[in-house]
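A.B. asks: Here is the input, now give the coordinates:
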Amino acid sequence: MTATSTQVRLRDHRFFFWLAVAMTVVIVAGFSMQLAMGRSSFAVPVRLHIHAAVFFGWTALYLMQNWLVASGSVALHRRIGWLGAGWAVAVVVLGIYMTVMMVRRGGAPFFFVPSYFLFMNSLSVLCFGGLVAAAIRLRRQTAWHNRLMACAMAGLTGPAWGRLLPAPFMIPWVGWGVFAAVMLFPIAGVVADLRTRGRVHPGWWWGIAALTVTQVAMDVAATSAPGLALYRAAVAGTPGEAVAPLSYPPFPPLS
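C.D. replies: Next up is the predicted model:
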């Protein structure tokens, strides 16, 4: 291994650690602001606490894994990696479950139509799961692994961006506004590659393509006949059945 390639590898490790820090800050800021503004409370059902613990736990694990690599503890990083694989499965399952529960009780945020909200969250976590699976498959190819994992994690920052952005003023483009914010992280990776390597590693292009295709699929699925049929099947026999799938819920009253 040449000195130049060693320097590139070390720069990569530092970059991915600080990218993980930035994504963690966005997630903590988004949900902390929600709590500080009185839009959320700890007085919620247990399943919501479990959901939060799993998602924040994944964020902490992702940050720790990048710190381990940046600090040279690669062997420990690899041993813990299989814990992350199981945790990622829990993120996908709980993400879809909680989204379905929200639309079943008619609880979609007022700046999303319910059908879009169902497919936005569900497809986002499925994209996350697919990128993580690909990253695990390519775990011995470090450059691919790092970049696919970073794109997967970037996708999970969407709900936090939705809380940080002025979503009510962005209707009907909230979903694409969140997507644009999410893409700041892969774009930062593209810029870093150009500065460090002089070229962009294809892992970024595959990750960006996966995120982009998922975003387009949300719009298509939410308004398609099969998508609406799936939505109606999900909310059948619940309060969500009375909510129009393609109409915005009423704005909350001003207090």
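
A.B. asks: Give me the buried positions along the host helix or strand of Q65.
C.D. replies: According to DSSP states H and E, Q65 maps onto helix 46-70. The neighbour-count check on helix 46-70 (16 or more other Cβ atoms under 10 Å) flags 51-52, 54-55, 58-59, 61-70 as buried. The way it works is simple: take the backbone N, C-alpha and C, and place the C-beta from them, glycine included.

A.B. asks: Just name the closest of the residues you listed to Y231, please.
C.D. replies: H51 (20.8 Å; Cβ to Cβ).

A.B. asks: so C151 makes contact with V132?
C.D. replies: No - with contact defined as Cβ atoms under 8 Å, C151 does not reach V132; the gap is 9.7 Å.

A.B. asks: Confidence-wise, which helix or strand of this protein is lowest on average?
C.D. replies: helix 3-36 (a mean of 87; mean pLDDT, DSSP states H and E).

A.B. asks: one step back: which residues are in contact with the helix holding Q65?
C.D. replies: For helix 46-70, the external contacting residues (Cβ atoms under 8 Å, 6 or more residues apart in numbering) are 13-14, 16-17, 19-21, 23-24, 27, 31, 42, 74, 76-77, 80-81, 83-84, 87-88, 90-91, 94-95, 98, 101, 149, 153, 156.

A.B. asks: Please indicate which of those residues are buried?
C.D. replies: So, by 16+ other Cβ under 10 Å, the buried ones in the contacts of helix 46-70 are 13, 16-17, 19-20, 23-24, 27, 31, 77, 81, 84, 87-88, 90-91, 94-95, 98, 101, 149, 153, 156.

A.B. asks: can you pull out the helices in the stretch 151-255 of the chain?
C.D. replies: Remark: helices assigned in the stretch 151-255 of the chain by DSSP state H, counting those that start in this stretch are 158-164, 174-182, 184-196, 202-223, 225-235.

A.B. asks: Report the buried residues of the third one.
C.D. replies: If I follow you right, that is helix 184-196. 185-186, 188-190, 192-193.

A.B. asks: Helix 3-36 and the helix holding Q65, what's the angle between them?
C.D. replies: 160 degrees (axes from the mean of the first three to the mean of the last three Cα atoms, to 10 degrees).

A.B. asks: Show me what the helix or strand following helix 46-70 is packed up against.
C.D. replies: Tracing the chain C-terminally past helix 46-70 and defining elements by DSSP H and E, one meets helix 74-104 next. Packing contacts for helix 74-104, counted by 3 or more Cβ pairs under 8 Å, 6 or more residues apart in numbering; DSSP states H and E, involve helix 46-70, helix 114-137, helix 225-235.

A.B. asks: circling back to that earlier point, neighbour count winner among C151 and V132?
C.D. replies: C151 (29 against 25; other Cβ atoms under 10 Å).

A.B. asks: just checking, what packs against the least confident helix or strand of the chain?
C.D. replies: By 3+ Cβ pairs under 8 Å, 6+ apart, helix 3-36 packs against helix 46-70, helix 142-156, helix 158-164, helix 184-196.
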